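A.B. asks: This is the structure alone, sequence omitted:
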């Protein structure tokens with residue numbers, strides 16, 4: 001099977017642009033990782049990337065799709081972490097807990113209780129990011145940023161098998177100035193509720209440089225890496 005080396009060039013280009021953004025904002029490039037979103041990527045391109053590059057993490061939003069794609073990808077070659085970035089459904093929590101290292105889309109008390117119950121059955125901790133909402137789209141998940149501190153308190157007090165590891169937010173399509181305002185708001189929330197070593201996942205293929213400049217340490221990038229694939233530049 002012929003490898004698509006354009007994927008490697010795309011990934012290297014993203015790395016260089018992140019390095020430039022971190023330098024511009026006075027941040028340590030070594031503390032920023034890429035979450036490579038494989039949702040619309042071909043299995044052979046995922047395998048090429050993971051074979052030739054030390055990828056920190058891959059992200060998927062559909063459990064069954066991820067299992068099919070990752071079966072032939074060398075996920076263990078560099079101990080690549082598996083992040084679940086899709087909407088979490090109660091009937092899928094057990095499978096997600098079994099197959100993924102971190103769940104990025106925890107956004108309400110009901111699903112946290114279900115996760116806690118399933119994690120207890122598996123005798124493990126459910127490592128999660130709190131998803132916060134930055135748009136008015138009804139189809140998009142996430143807790144309201146103003147209500148998120150109270151939700152964090154409930155999760156920590158009532159769910160001992162959940163380990164909150166940071167924040168994920170999806171920004172709207174907006175000019176850079178508006179994006180900066182939103183990213184700064186989430187960064188302030190993150191600083192007040194999490195440790196520096198936790199994950200702040202802001203930014204996708206269209207806005208990851210701005211996100212990195214404003215503090216993101218885990219941009220989610222799919223289209224900019226796998227852009228030769230059919231399916232567009234959707235990263236979530």
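C.D. replies: On my side now, so go ahead. The shown structure was predicted, so the numbers you read here are calculated from the model rather than taken from an experiment.

A.B. asks: all strands of this protein, in order?
C.D. replies: Using DSSP state E, the strands of the chain run over residues 35-37, 57-60, 81-84, 102-106, 126-133, 143-144, 162-170, 199-201, 220-221.

A.B. asks: now those as a markdown table including mean neighbour count and distance to residue 192?
C.D. replies: Backbone N, C-alpha and C define where each C-beta goes, glycine included. A markdown table is the format used below for the strands of the chain (neighbours: other C-beta atoms under 10 Å; distance: least, C-beta to C-beta, whole Å):
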| stretch | mean neighbour count | distance to residue 192 |
| --- | --- | --- |
| strand 35-37 | 27 | 23 |
| strand 57-60 | 24 | 25 |
| strand 81-84 | 22 | 24 |
| strand 102-106 | 24 | 18 |
| strand 126-133 | 23 | 13 |
| strand 143-144 | 16 | 15 |
| strand 162-170 | 22 | 11 |
| strand 199-201 | 25 | 12 |
| strand 220-221 | 26 | 23 |
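
A.B. asks: Next, give phi and psi for residue 215.
C.D. replies: The phi/psi pair for residue 215 (degrees, to the nearest 10) reads phi 120, psi -10.

A.B. asks: Is it correct that it is in contact with residue 187?
C.D. replies: Yes. Residue 215 is within contact range of residue 187, at 4.0 Å (criterion: C-beta atoms under 8 Å).

A.B. asks: Give the residues shared as contacts by those two.
C.D. replies: Common neighbours of residue 215 and residue 187, counting by C-beta atoms under 8 Å, 6 or more residues apart in numbering, are 200, 202.

A.B. asks: helices or strands up against the worst-scoring helix or strand of the chain on mean pLDDT?
C.D. replies: Across the helices and strands of the chain, the lowest-confidence element by mean pLDDT, DSSP states H and E is helix 63-70, at a mean of 75. Under the contact criterion of 3 or more C-beta pairs under 8 Å, 6 or more residues apart in numbering; DSSP states H and E, helix 63-70 touches helix 43-52, strand 57-60, strand 81-84, helix 93-99.
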